[in-house]
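Student: my questions concern the predicted model and sequence given below.
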Amino acid sequence: MDWLKRLTSRPVKNKPEHTEPPGQVADPTEMLAHALRSHGIEVTRVGDVLLLPGDLGLKASVHDVPSANPGTYMVGYELIALSPLTANKPVFSSMFGHGDSREKAITNSFVKTMIGPLHVMLEALANHVCDPPRTTLETWVAATASWNVFEGQVVTEESEGWTHSLTSTYREHGWPALRRMFEATQGRGHHSISVTLASFNSEVSGIDILLDDEPWVEAVEHFQTLPWQTGAGYESARHFAIALDKDPAP
C-alpha cells in the first residue's frame, strides 16, 4: 500500500516545535488502538500507523503547546487519516487539551478527538456506524458537484457563567453560512472542514476555520460579521466534518 509509506514518512503540518519524548506520556497510538478495539473495531498496528477496515490508516501524535497560564499544561492531539475514499490524500484534525498535568491535558485532548473527529473519520472512511450514530449525514449540492457531508458533534467547553450562546449562534448562523460558501466555491473531490471558536468576557476571542487543513480566510471574515451572543464566562466550540463526492467521477 503506497499510502502507508506516505503516512509513516509524511511530516506533520502545523506541528509545534516540541514533540513529547517517548516514555514520558502515554503512547497516543496505543491510546487510540485501545479505544477502537473497545469500540468493537478490528485494528492492526504497523509501526505507528493503525490499519482499519476499509483500508483506512490512522496515525496519532501528541505535541506540547505553549501555555500562557502557569501550572496549566496544553497539548495537541493530532490525527491523520488516509483512505482510498480521499484518493489516498491525508485528512488532518487537531484537538487541543489542557490540565494541571501533562497526562490530564493529553486525556482532555484525546476525549475531544474521540467525541468529534474520530467518529467522523470512522463513519466517513471506514463504513463504521455507531449505535446511535455519532455523525450527521447531509447532502450538499453545487452546480457541478455534490457531496455526502459527515458532520461531527460540536465539542464544547465552558466555565462558570457559560450560556451556550457561542454554540447556539454558530449552529444558527455559522454552520449554515459555511455550507453556502462551500457549495458556491468548491469543486469535485473530498474536503475537510475544521472550526474552532472561543469566547471570553462576553466577547468572541478566537475564530479559526480550516478548509482542507488550510486557513479559510473568507469564512473567518464572514464569521466576524455574525451576530454573536456570548456569555460572561469562557466558552469554546470545535467542529469537524468530511465531505466526500456523492457521485465520484469514473
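Tutor: That came through fine. Residues are numbered from 1 along each chain as shown.
Student: and residue 52, what is it in contact with?
Tutor: Counting by C-beta atoms under 8 Å, 6 or more residues apart in numbering, residue 52 touches 36, 41, 42, 43, 58, 122, 126. The C-beta positions use only the backbone N, C-alpha and C, and glycine is treated the same way.
Student: try residue 193
Tutor: Residue 193 makes contact with 178, 182, 209, 210, 211, 216, 239, 240, 241, 242, 243 under the criterion C-beta under 8 Å, 6+ apart.
Student: would you mind writing the CA trace of the helix or strand containing it as PDB?
Tutor: In this assignment (DSSP states H and E), residue 193 forms part of strand 191-200. The C-alpha trace of strand 191-200 is given here as PDB (Å, rounded to 0.1, in the frame of the first residue of the first chain):
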ATOM      1  CA  HIS A 191     -12.700  18.100   1.600                       C
ATOM      2  CA  SER A 192     -12.400  18.600   5.300                       C
ATOM      3  CA  ILE A 193     -13.700  21.400   7.400                       C
ATOM      4  CA  SER A 194     -12.400  22.300  10.900                       C
ATOM      5  CA  VAL A 195     -13.900  25.100  13.100                       C
ATOM      6  CA  THR A 196     -12.600  26.300  16.400                       C
ATOM      7  CA  LEU A 197     -14.300  29.200  18.200                       C
ATOM      8  CA  ALA A 198     -13.800  30.700  21.600                       C
ATOM      9  CA  SER A 199     -15.400  33.500  23.700                       C
ATOM     10  CA  PHE A 200     -14.500  35.100  27.000                       C
END
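Student: buried residues, stretch 62-80. List them.
Tutor: By neighbour count on 16 or more other C-beta atoms under 10 Å, the buried set for stretch 62-80 is 62, 63, 64, 65, 73, 74, 75, 76, 77, 78, 79, 80.
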